[in-house]
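Trainee: Give the three-dimensional model of this entry:
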Amino acid sequence: MTPFERPAHTIGKLDGDAAGRLIAGAADVALVLDDDGVIQDIAFGSDTLGRDTYEAWRGKPWVQTVTVESRPKVEALLRDLGGDAMPRWRHVNHPLPDGPDLPLLYSTMPLRTDARGTRTPTGRTIAFGRDLRPNAALQQRLVVAQQTMERDYWRMRHMETRYRSLFQVVSEAVLILDATTLRLEEANPAAEKMFGDGLRRPGWSALDGFDPTHVDALRELLARVRATGRAGRLRARLAAGQEEHVVAVSLFRQENSVHFLVRVHDAQHEDVATHSERPSLVDVVERAPDGFVVTDPDGRVLTANRAFMDLAQAATEEQLRGQSLDRWLGRTGVDLSVLLTNLRQLGSVRLFATSMRGELGSSTEVEISAVSVADGNPPCLGFTVRDVGRRLIHDKRSIRDVPRSVGQMTELVGRVPLRDIVRDTTDLIEQLCIEAALELTRDNRASAAEMLGLSRQSLYVKLRRFGLGDLASHPDD
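Mentor: Numbering: from 1, shown residues only. Down below sits the predicted model:
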């Protein structure tokens with residue numbers, strides 16, 4: 001602490017009130033102590049401290065208001081008052097009855113009565129306290145952040161270890177390339193064995209490892225994957241061999257750079273896997289209880305399973321093939337357009353609510369999930385159609401079931417025309433208002449009509465329309 005050079009000249013003499021306000025504003029808590037260390041007065045410079053709790057300190061020895069481990073610090077602060085050394089700050093904790101301890105940073109200063117700084121026998125001591133709770137909260141957040149960073153660091157280390165192990169033992173050749181220069185960044189042992197010693201040659205490019213007749217197709221594939229972000233594949237021969245290999249390319253980002261993940265494996269192995277697995281997959285799709293249909297990118301049917309033919313009421317698949325899917329969807333010209341737009345933008349659609357119209361006039365409420373296979377040979381779209389008619393039976397609302405929220409109202413969109421939604425909602429509100437008026441007037445039709453601003457004749461028409469009241473028992477009210 002560095003005191004003022006000329007406080008008597010610059011500040012002047014202060015009376016007790018001015019000095020008290022100055023002391024209270026200089027600290028969060030200020031204690032006035034007598035020679036025995038008993039608290040004579042308390043001032044608060046912070047509104048975050050509840051006065052009711054700390055008023056009980058008045059008249060008690062300071063050392064009795066702190067926790068056991070803080071008492072030696074308080075005794076040291078009181079003991080060092082007579083020396084010429086600069087006052088020290090010590091961390092002291094006060095126990096609170098309804099929460100954690102209150103941490104305060106204290107420094108003490110005796111009140112001087114003469115220019116030489118001699119302390120009189122009846123002098124007082126001021127203990128300045130600073131609230132450490134904001135610092136403690138900040139330190140706690142720092143500790144939590146450090147622990148989180150350390151956990152993330154070790155998690156990343158474990159992930160990297162697993163990645164390295166998998167990268168080394170996988171039998172498929174894997175290359176990681178810079179997406180801009182196509183320079184090799186990493187290769188696993190299977191790739192080194194497939195491409196030979198030239199793989200480690202400085203400046204080796206992925207295009208150098210393939211037959212020149214396939215380089216243009218491979219370059220086009222890489223450019224398409226980088227532009228669209230969607231994985232792609234092709235068949236190509238290596239520069240040192242005549243066997244065809246399948247080259248699968250996908251894109252990933254790491255920090256600010258873009259990379260290709262290139263996987264190369266023997267085409268014969270893929271053919272074996274395809275022939276061994278595909279028949280079972282086709283059988284499952286064909287026998288699935290949900291409709292499944294494959295179309296071209298424009299929505300024209302290529303193939304469909306038995307369940308979809310039942311929904312469309314078609315006898316054979318030939319009746320469906322080449323027809324637009326829009327022919328059977330509920331809102332002609334709308335539903336298929338929405339599905340195709342979302343598939344082009346997002347690649348997939350989930351739980352799209354609509355209806356299916358059969359060739360013989362039936363209508364079924366359905367949910368459609370769809371996916372786009374843009375890199376297929378040929379590109380196609382797949383639609384799964386699920387019959388939800390029985391589920392919706394329990395959800396159908398009578399005229400009294402007014403939607404209570406925007407979410408419930410939007411559930412009707414696409415299933416009920418807008419004019420019907422508006423009409424039913426208007427009728428329901430009108431019916432509820434009439435019922436409320438009759439209840440308030442104790443079934444007095446004349447008073448109810450006056451309350452609603454209707455003529456009695458109009459009220460009777462609406463009562464008959466909604467089937468309200470016993471009109472025969474109240475012919476004239």
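
Trainee: what's the helix or strand F252 falls within in contact with?
Mentor: Per DSSP states H and E, F252 falls inside strand 244-254. With contacts defined as CB atoms under 8 Å, 6 or more residues apart in numbering, strand 244-254 is touched by 179, 210, 218, 221-222, 225-226, 229, 231-238, 258-267, 270. Where C-beta positions appear, they are placed from N, C-alpha and C, glycine not excepted.

Trainee: Could you list the residues in contact with the helix or strand that comes right after it?
Mentor: Using DSSP H and E, the next helix or strand after strand 244-254 towards the C-terminus is strand 257-266. Identification of contacts with strand 257-266 by CB under 8 Å, 6+ apart yields 172-180, 182, 185, 191, 194, 206, 222, 225-226, 243, 245-253.

Trainee: Flag the shaky bits of the chain, pLDDT-wise.
Mentor: 1-21, 24-25, 46-53, 82-86, 112-123, 268-280, 391-417, 469-477 (pLDDT under 70).

Trainee: quick one, domains of it?
Mentor: Listed domain ranges for the chain are 7-131, 170-270, 288-393, 406-473 (source: automatic domain parsing).

Trainee: I'd like the ones you listed laid out as CSV, including distance to R151.
Mentor: Below are the domains of the chain laid out as CSV (distance: least, CB to CB, whole Å):
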stretch, distance to R151
domain 7-131, 26
domain 170-270, 21
domain 288-393, 34
domain 406-473, 39
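
Trainee: The ones you listed: which one's closest to R157?
Mentor: domain 170-270 (16.4 Å; CB to CB).

Trainee: and the closest one, how far out from the chain's middle?
Mentor: Distance of domain 170-270 from the chain centroid (CA atoms, centre = their mean, to the nearest Å) equals 36 Å.

Trainee: Kindly report the same for stretch 344-361.
Mentor: With CA atoms, centre = their mean, you get 28 Å for stretch 344-361.

Trainee: What residues of that stretch count as buried?
Mentor: Residues 349, 352-357 are the ones in stretch 344-361 that count as buried (16 or more other CB atoms under 10 Å).

Trainee: re the thing from before, among the contacts of strand 257-266, which ones are buried?
Mentor: So, by 16+ other CB under 10 Å, the buried ones in those are 173-177, 179, 182, 191, 194, 206, 222, 225, 245-249, 251.

Trainee: Need the phi and psi values for the residue nearest to D211 when sequence neighbours are not counted.
Mentor: Leaving aside its chain neighbours, D211 sits nearest to R237 (4.2 Å; criterion: CB to CB, 6 or more residues apart in numbering). Main-chain dihedrals, R237, degrees, to the nearest 10: phi -100, psi 150.

Trainee: distance of R237 from V301?
Mentor: According to CB to CB, to the nearest Å, R237 and V301 sit 36 Å apart.

Trainee: what residues are up against T125?
Mentor: Counting by CB under 8 Å, 6+ apart, the residues that T125 touches are 32-35, 37, 78, 81, 108-111.

Trainee: likewise G196?
Mentor: Contact analysis of G196 by CB under 8 Å, 6+ apart lists A240.

Trainee: Make JSON lines out of the buried residues of stretch 344-361 and add distance to V388.
Mentor: Listed next are those as JSON lines, based on distance: CB to CB, whole Å:
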{"residue": "V349", "distance to V388": "16"}
{"residue": "F352", "distance to V388": "11"}
{"residue": "A353", "distance to V388": "8"}
{"residue": "T354", "distance to V388": "10"}
{"residue": "S355", "distance to V388": "10"}
{"residue": "M356", "distance to V388": "11"}
{"residue": "R357", "distance to V388": "15"}
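
Trainee: Fine by me, thanks again.
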